[in-house]
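Asker: Mind looking at a prediction? Sequence and model below.
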Amino acid sequence: MFQVRTDLALETKEKFEEDNVELKGVRIHEEERGENIKITEVIIETENGAKSMGKPRGSYITIEAQEMTDGDDGYHREISEELAKVLRGMIPVNREELSVLVVGLGNREITPDALGPRVADNMMITRHVIREFGKYALGAEHSNLISSIVPGVMAQTGMESLEIIRGVIRETEPDCIVAVDALAARSVKRLNRTIQITNTGINPGSGVGNHRHGLNRESVGIPVIAIGVPTVVDAATIVNDAISGYYEEVDCTLNSFFVTPKDIDESIKRLSFTISEGLNLAFEKTACTNS
């Protein structure tokens, strides 16, 4: 049987609704914010809900903006501000000075998979400055220690991303991780127009069905917040949607093909700035709390 592939909890929930299947242990909350920005939170509360959804228990928040691919800097600033608000509310550590490791997952040589590395490139890194010159070096009474790493992919390093990240954690002892990666969507209308933030961590490579060891609290011992943007759609998903009225299932060989928009280069460049700006805004505050 053909399975629709998506990394978005929102789309998984929608699929159950389309099939008129009651899903217990899962709550959803929607609200409009700003101009043409919609925020939806899917909360998986029980193990039965997690099993049905095929995702760990936790909170999955999506920021949808149909104009996210446009070049309006003011609009992107609004999205960055909303992302910052979500992040501040999701960070489970309450300290005046927070140490955060930003992990840019993906392969910078492949444009649809380069979101994580590009975000890390655009981050305002502070850990080395504060360690060298003290907490007042940035002109604030309290400053968060921000560091980043781009672990690459196994084909480039011969190592699992998790192995590299664990080594960095042992040496730098961050309070939490924010991991950024490209995802896969079910609907083409959500490509490069949706940001998912979750407190459940992430499986590097999951967007293209290349599942690696999970990067989550259980595997690294500290909280992991994952940020993802769907940049590809499984080709089989598109074909299945197009011919669903005529055939029951699609040739499974299509599952090895992925489709991405033709303007993906510009979209990744713009989205990486939007997400990094949201991260910078979230961590520029004197304290990060989950209030």
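Answerer: Looks like it came in fine. Residues are numbered from 1 along each chain as shown.
Asker: Look at Phe258 and report its pLDDT.
Answerer: Listed pLDDT for Phe258 reads 76.
Asker: check which helix or strand covers the nearest residue to Met159 once chain neighbours are set aside.
Answerer: In this structure, Met159 finds its nearest non-sequential neighbour in Pro151, 7.8 Å apart by Cβ to Cβ, 6 or more residues apart in numbering. Backbone N, C-alpha and C define where each C-beta goes, glycine included. Using DSSP states H and E, Pro151 maps to neither a helix nor a strand.
Asker: Make sure Pro151 is actually in contact with Ser161.
Answerer: Yes - between Pro151 and Ser161 there is a contact at 4.4 Å, judged by Cβ atoms under 8 Å.
Asker: Give the residues shared as contacts by these two.
Answerer: Val103, Leu105 (Cβ atoms under 8 Å, 6 or more residues apart in numbering).
Asker: Now do the contacts for the residue nearest to Met159.
Answerer: Applying Cβ under 8 Å, 6+ apart, the residues near Pro151 are Val103, Leu105, Thr157, Met159, Ser161, Ile164, Ile165.
Asker: I'd guessed the second one sits against Val178; true?
Answerer: Put plainly, it is Leu105. No - using Cβ under 8 Å, Leu105 is not in contact with Val178; the gap is 10.9 Å.
Asker: elements contacting the host helix or strand of Glu17?
Answerer: Per DSSP H and E, Glu17 falls inside helix 9-18. Under the contact criterion of 3 or more Cβ pairs under 8 Å, 6 or more residues apart in numbering; DSSP states H and E, helix 9-18 touches strand 37-44, helix 47-53, strand 58-64, strand 194-198.
Asker: for the ones you listed, which one ends up most surrounded?
Answerer: The highest mean neighbour count among the helices and strands packed on helix 9-18, using mean count of other Cβ atoms under 10 Å, belongs to strand 194-198: a mean of 25.
Asker: what's the angle between that strand and helix 9-18?
Answerer: Interaxial angle, strand 194-198 versus helix 9-18 (axes from the mean of the first three to the mean of the last three Cα atoms, to 10 degrees): 100 degrees.
Asker: which residues sit against strand 194-198?
Answerer: Everything outside strand 194-198 that qualifies as a contact, by Cβ under 8 Å, 6+ apart, is 7-10, 58-65, 68, 79, 83, 86-87, 90, 183, 185, 225-230, 275.
Asker: Serialize the helices and strands packed on helix 9-18 to TSV and add fields for mean pLDDT and distance to Asp72.
Answerer: Below are the helices and strands packed on helix 9-18 laid out as TSV (pLDDT from 0 to 100; distance: least, Cβ to Cβ, whole Å):
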stretch	mean pLDDT	distance to Asp72
strand 37-44	95	12
helix 47-53	92	34
strand 58-64	96	16
strand 194-198	97	16
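Asker: Could you provide those in a markdown table, with additional columns for distance to Glu96?
Answerer: Shown next, in a markdown table, are the helices and strands packed on helix 9-18 (distance: least, Cβ to Cβ, whole Å):
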| stretch | distance to Glu96 |
| --- | --- |
| strand 37-44 | 28 |
| helix 47-53 | 34 |
| strand 58-64 | 25 |
| strand 194-198 | 23 |
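Asker: Give the burial count for Asp234, as a bare number.
Answerer: 26 (other Cβ atoms under 10 Å).
Asker: Quickly note the distance from it to Ala184.
Answerer: 6 Å (Cβ to Cβ, to the nearest Å).
Asker: who has more neighbours, Leu105 and Val178?
Answerer: Using other Cβ under 10 Å as the criterion, Leu105 and Val178 rank with Leu105 on top: 31 against 27.
Asker: now the helices for the stretch 151-291 of the chain?
Answerer: 154-157, 161-172, 217-220, 235-243, 264-283 (DSSP state H, counting those that start in this stretch).
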